[in-house]
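A.B. asks: Fold the following for me, if possible:
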Amino acid sequence: MQTDFLLPCKTRPIIIIGTGGIVNDAHLPAYQLAGFSIAGLYDINIAKARDTADKFSIPVVYENLEQMLKNAPQDVVFDIAVPGNAIIGLLQKLSDEATVLIQKPMGENHEQAKQILQITRGKKMIAGVNFQLRYAPYIIAARNMINKGVIGDLCDIEVNVNVFTPWHLWDFLFAASRLEILYHSIHYIDLIRTFLGNPIGIFAKTVKHPLMPQLASVRSSIIMDYGDMIRANIITSHCHEFGLHNQHSYIKFEGTKGAIKIKMGALMNYPVGVPDLFEYIIIEEEKECKWETIDIKGSWFPHAFIGSMSEMMKAAEGSISTPDNSVEDCIYTMACVEAAYESDKNGSLKISN
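C.D. replies: Below you'll find the model as predicted:
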């Protein structure tokens, strides 16, 4: 069972801009596993950057952006891990033809995403977005089975997440006007696109929670419209503060001959997580159907983050023409996110008496 991705022929040094929780929990552990070299770190909070450098034995912490740009290796990959509204300003300061991996989202909205796309085009950058769920080992395994026709024609994708998410780990989200879809369900929208292409349209409702009034929406229901033969649904709630017993977090693929169900353990009891589970079933005539389990090595966090960075390095070395996660592709994920918020704003169809 194929569960990994092609690494670059030659790795390149990485400079990480932003040293928040996701960098400490996923980016740096992933790069250590892959053997990628970190040339340095920069964060507007120098103390936080130094703490991260000490934790991961990184030799250089830049005092400011000017020092970082002056000393950056020629073949560096910039890993930009900052809030969406800070991306445009950073890209404008980076050199032309730079290689950049942008932590999702690609801006705070579709308008910013289009600006990011124009900047990277104008500066002839090799630019991608860190929609890393695409490269989770269990997703690679599922894609391999689906591409081989093991479960028949794919006709149903469901993502269902009912967990308790400790939002306090990301301080900047408390000032965000958009939260759940933009910073979480965006992963599932992007993932479904990689299997089914761009949808015809989006239906969505995203809501707050009475015990989390200081946050924007933290629960969402999203339908991606692929016509009358394919169902693609995303249902999320981050507010199940009633223990693990009835929490769940899964992706389910159904085809005309079978199904795959993946338990995403990383989201439960976050950031500790619980074990993942990969199950599948195939319908065969005159045979008893039963669910089988495959042991998948690696998980979404941190292993999938190797895939995102590998795409940038492979594009930079020329072994692929364009990264799979290029801004040219990911702009459509942002268009879907914007459509979801527009659908939510426009409201439901009123029922007449």
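A.B. asks: ok now do the residue positioned nearest the centre of the chain, which residues does it touch?
C.D. replies: With distances taken as C-alpha atoms, centre = their mean, the residue of the chain nearest its centroid is Phe131 (3.2 Å). Neighbouring residues of Phe131 by C-beta atoms under 8 Å, 6 or more residues apart in numbering: Lys104, Ile186, His187, Asp190, Leu191, Ser308, Asn325, Cys330, Thr333. For glycine as for every other residue, the C-beta is placed from the backbone atoms N, C-alpha and C.
A.B. asks: residues near Gly18, how many?
C.D. replies: 23 (other C-beta atoms under 10 Å).
A.B. asks: wait, it sits on Asp43?
C.D. replies: Yes - the pair formed by Gly18 and Asp43 meets the contact definition of C-beta atoms under 8 Å, at 5.8 Å.
A.B. asks: Find the nearest non-adjacent residue to the residue nearest to the centre of the chain, please.
C.D. replies: Asp190 (4.3 Å; C-beta to C-beta, 6 or more residues apart in numbering).
A.B. asks: On the three-state scheme, that neighbour is what?
C.D. replies: helix (DSSP: H, G, I helix; E, B strand; the rest coil).
A.B. asks: what's the answer for Ile351, then?
C.D. replies: Ile351 is classified as coil under three-state DSSP.
A.B. asks: Quick one: neighbours of it, just the number.
C.D. replies: If we define neighbours as other C-beta under 10 Å, then Ile351 has 5 of them.
A.B. asks: now swap in Arg121 and tell me
C.D. replies: Arg121: 12 neighbours (other C-beta under 10 Å).
A.B. asks: Could you check the pLDDT of Glu288?
C.D. replies: Per-residue pLDDT puts Glu288 at 86.
A.B. asks: burial measure for the residue nearest to Phe131, as a count.
C.D. replies: Neighbours of Asp190 (other C-beta under 10 Å): 24.
A.B. asks: Which pLDDT value goes with it?
C.D. replies: The model's pLDDT for Asp190 equals 98.
A.B. asks: check contacts around it.
C.D. replies: Lys104, Phe131, Leu133, Arg134, Cys330, Thr333.
A.B. asks: Return the distance of the first one relative to Cys330.
C.D. replies: Spelled out, that is Lys104. Applying C-beta to C-beta, to the nearest Å, the value for Lys104 to Cys330 is 8 Å.
A.B. asks: Identify the contacts common to the two.
C.D. replies: Val129, Phe131, Asp190.
A.B. asks: in this protein, which helix has the most residues?
C.D. replies: Counting residues, the longest helix found in the chain (DSSP state H) is helix 327-346.
A.B. asks: ok, which stretches of the stretch 251-353 of the chain are helices?
C.D. replies: Along the stretch 251-353 of the chain, the segments classed as helices by DSSP state H, counting those that start in this stretch run 304-317, 327-346.
A.B. asks: just to revisit the earlier point, can you convert the contacts of Phe131 into TSV and add a column each for distance to Gly273?
C.D. replies: Converted to TSV, those look like this (distance: C-beta to C-beta, whole Å):
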residue	distance to Gly273
Lys104	20
Ile186	20
His187	16
Asp190	21
Leu191	19
Ser308	19
Asn325	24
Cys330	26
Thr333	25
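A.B. asks: closest to Lys114 among these?
C.D. replies: Using C-beta to C-beta, the shortest approach to Lys114 within the contacts of Phe131 belongs to Cys330, at 11.7 Å.
A.B. asks: what's the nearest residue to the closest one once chain neighbours are set aside sitting at in phi/psi?
C.D. replies: Nearest residue to Cys330 in three dimensions, chain neighbours excluded: Val129, at 4.0 Å (C-beta to C-beta, 6+ apart). Dihedral pair for Val129: phi -120, psi 140, per degrees, to the nearest 10.
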